[in-house]
Each structure stands twice: as C-alpha cells, then as structure tokens.
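A.B. asks: sequence first, then the predicted structure, then my questions.
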Amino acid sequence: AQTVTQSQPEMSVQEAETVTLSCTYDTSESDYYLFWYKQPPSRQMILVIRQEAYKQQNATENRFSVNFQKAAKSFSLKISDSQLGDAAMYFCASPTRGAQKLVFGQGTRLTINP
Amino acid sequence: GAVVSQHPSWVICKSGTSVKIECRSLDFQATTMFWYRQFPKQSLMLMATSNEGSKATYEQGVEKDKFLINHASLTLSTLTVTSAHPEDSSFYICSASFGSMNTEAFFGQGTRLTVV
C-alpha cells in the first residue's frame, strides 16, 4: 500500500522568512509523481507544485520549491519570502499505482506571523 | 487550469432525509471522478472512485448503500447521502483529472453537509 506521511501538524514562520514542510512517502513504483496541495480557509484545494520522480532536478514554482530525495523517499516543500496569503493547510500527495486516485498525507497547518 | 464545480457549497438537512451533491467538470471530460470526505482539521479521505458509465469503486469501510454515486455523463458525477444521520455531517470534496495517473487533479469547492 502506498503511504504518505507528514510529521509536522503545525508550522509557523515570520512573514518574508523561509519555511520548509516535510513529507515522506512509501512506494514500490519506479516512476511516479508527487504533489503538494494547498487548502486555504476557503477549503478549495489548489495545486502548489508537482515533481516527477524520474527527473533529478527539483521542481520550482516562483517562491515554492521542493527538495526531492528519491532514495530517502522524501519530498519537502520550501516556501521562500513567506506571505500572509500562504497561510493554509498543506498536503503532500501521490497517486496510487495504476490509478489516478491520490493518497494524501495528514497535512501541515502553516501560520504566517506578520 | 480546468474547472470543477461542486454544488451545493453547503446544505443542512434533517436526519433521515437524503441529500444529493453534484460535481461537474466544466471545460473538460472526466471519465473518472473521485469523492473525498474531510473531517475538521484532518486530511482528505477517499470514499470512492466514480467511473462514467459503470459502477463506482468504493474504498474499504465506505457504505455503498449509504453513499450512492452516479456518473451518468463525462461531465457529471453525483453523490447522494441516503438516510442521512448527524454522523454523516462532514465536508465532501470531489475531484477530476484528464485521465493520466500523473496529471493534476482538479478539485471542486467542496460541500459542507450538516445533518440535524
């Protein structure tokens, strides 16, 4: 069974600082994708960033980047220059084998301190 | 990105009644949609996979007779909570993707169901 684990229930960071959210996963696949989703207070799920496992280069989207360590099965999200609008629940997720359904981690609630 | 619309955003119903939630892909065809349930301050829990033109596939522990799923077209899936009880109160979210397991999933806005 595929599992995704987020060990940080809550994180906080000062505005304009950098924060890293951790995620580990377990899979028997050799080729897969990993996702970070954001769920703000509106509860709308928004894709933040996506990483392809066969690509060695870490994905980057503006202030968001990942540190993908395939051997360690680690997929952390770094948010640079944190903004108040970044406050949300962040979920790490991966598709299950042969299916499109996503397995989500437990989530990390990120608070931005002004 | 593609748009998935979920309706209603919130609903209050009396215990024992049934409630239908709609999930529509507005600008793409979705052969597969997914229904999740989210309890307060918790993660998304997959309830079932909705397949167009065929029966839904339910996750272990989800009562298929209570949570009826119909995927009548490539753009519409519905979740009906039958004989709702207060313990069914929750946040329900649908998602859809273009078809590949590695493509982005697009989520509806979610529906907050309160059973009184």
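C.D. replies: Nice, thanks for sending it over. Numbers count the residues shown, from 1 in each chain, chains lettered A, B, ... in the order given.
A.B. asks: what's near enough to touch residue 24?
C.D. replies: By default, I'm working from chain A. Contacts for residue A:24 (Cβ atoms under 8 Å, 6 or more residues apart in numbering or on different chains) come out as A:4, A:5, A:7, A:72, A:73, A:74, A:75. From N, CA and C alone the C-beta is placed, and that goes for glycine too.
A.B. asks: wait, chain B was what I had in mind.
C.D. replies: B:4, B:5, B:6, B:7, B:75, B:76.
A.B. asks: likewise for residue B:108?
C.D. replies: Neighbouring residues of residue B:108 by Cβ under 8 Å, 6+ apart: B:4, B:5, B:6, B:23, B:93, B:94, B:95.
A.B. asks: can you select the buried ones among these for me in ChimeraX?
C.D. replies: Buried residues within the contacts of residue B:108, by 16 or more other Cβ atoms under 10 Å in any protein chain shown, are selected in ChimeraX with:
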select /B:4,6,23,93,94,95
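A.B. asks: what about chain A: which of the contacts of residue B:108 touch it?
C.D. replies: B:93, B:95 (Cβ under 8 Å from any Cβ of the partner chain).
A.B. asks: so which of the contacts of residue B:108 belong to strands?
C.D. replies: Counting by DSSP state E, these place B:4, B:5, B:6, B:23, B:93, B:94, B:95 in strands.
A.B. asks: bridged to the nearest residue to residue B:110 once chain neighbours are set aside, which residues?
C.D. replies: Once flanking residues are discounted, residue B:110 sits nearest to residue B:93: 4.5 Å by Cβ to Cβ, 6 or more residues apart in numbering or on different chains. On the basis of DSSP bridges, residue B:93 is bridged to residue B:36.
A.B. asks: how close does residue B:93 sit to residue B:58?
C.D. replies: According to Cβ to Cβ, to the nearest Å, residue B:93 and residue B:58 sit 16 Å apart.
A.B. asks: likewise for residue A:28?
C.D. replies: Applying Cβ to Cβ to residue A:28 and residue B:58 gives a distance of 24 Å.
A.B. asks: give me the more crowded residue out of the two.
C.D. replies: residue B:58 (17 against 8; other Cβ atoms under 10 Å in any protein chain shown).
A.B. asks: that one reaches residue B:51, doesn't it?
C.D. replies: No - with contact defined as Cβ atoms under 8 Å, residue B:58 does not count as touching residue B:51 (11.5 Å).
A.B. asks: what's the closest non-adjacent residue to residue B:17?
C.D. replies: Here the residue nearest residue B:17, using Cβ to Cβ, 6+ apart, is residue B:84, at 6.0 Å.
A.B. asks: contacting residues around residue A:53?
C.D. replies: By Cβ under 8 Å, 6+ apart, the contact set of residue A:53 is A:29, A:30, A:31, A:32, A:33, A:34, A:68, A:70.
A.B. asks: re the thing from before, JSON lines for the ones in strands among the contacts of residue B:108, including distance to residue B:115?
C.D. replies: What follows is these, written out as JSON lines (distance: Cβ to Cβ, whole Å):
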{"residue": "B:4", "distance to residue B:115": "24"}
{"residue": "B:5", "distance to residue B:115": "23"}
{"residue": "B:6", "distance to residue B:115": "18"}
{"residue": "B:23", "distance to residue B:115": "20"}
{"residue": "B:93", "distance to residue B:115": "17"}
{"residue": "B:94", "distance to residue B:115": "19"}
{"residue": "B:95", "distance to residue B:115": "23"}
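A.B. asks: I appreciate the help and will end here.
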